[in-house]
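A.B. asks: Predicted structure and sequence below. I'll ask about it afterward.
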Amino acid sequence: QLVRFAYAYEMDTSNGKRTGLRRDGILSSEASEGPQHDRTAHSDTLLTHFMKSDGSDCAFGGKSHWQKSDAVGGISGTLNELLACAGVTLDSDPAKLMSGTFHASPHLRTMGFRLALHLDFRQDHFGKKTVEVR
């Protein structure tokens, strides 16, 4: 089961006036800034870092760190890789994953589940942008 992961973001630095928009992500090879009608394209570095919930590295698509130049258009990996990042498999017992007593199917694969990803965008004082995916 192949999964393609892609994202983009827009940030308004003009307090809602939409004159200081900054856009970036892995859907395009260029970042841009400026108002909607007059955007200026520029190159930018962006790192996508896949992590487990405990903050340790987690491989998706064969590696945990993806430079924007390697990820333009999206990052492909497997559902099993994403599940491993969450610490489960399709054969995990749902009753052991949740507190309390409830009757459930014996495996996630027969019960169904929702996989939610948390993206945390960060920029350091030097302008390096990192997106942490958990």
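C.D. replies: Done, it's in.
A.B. asks: how about low-confidence regions in this structure?
C.D. replies: Counting by pLDDT under 70, the chain contains low-confidence ranges at 100-102.
A.B. asks: Strands of that one, residue ranges please.
C.D. replies: Remark: strands assigned in the chain by DSSP state E are 2-5, 8-12, 21-25, 31-33, 40-42, 46-50, 65-67, 75-78, 119-123, 129-133.
A.B. asks: so what secondary structure elements neighbour the first one?
C.D. replies: Counting by 3 or more C-beta pairs under 8 Å, 6 or more residues apart in numbering; DSSP states H and E, the packing neighbours recorded for strand 2-5 are strand 75-78, helix 79-86. C-betas here are computed from N, CA, C, even on glycine.
A.B. asks: from the chain's centre, how far out does the last one sit?
C.D. replies: To tie it back to what came earlier, the one meant is helix 79-86. With C-alpha atoms, centre = their mean, to the nearest Å as the basis, helix 79-86 stands 13 Å off its chain's centre.
A.B. asks: which parts of it are buried?
C.D. replies: 81, 82, 83, 85, 86 (16 or more other C-beta atoms under 10 Å).
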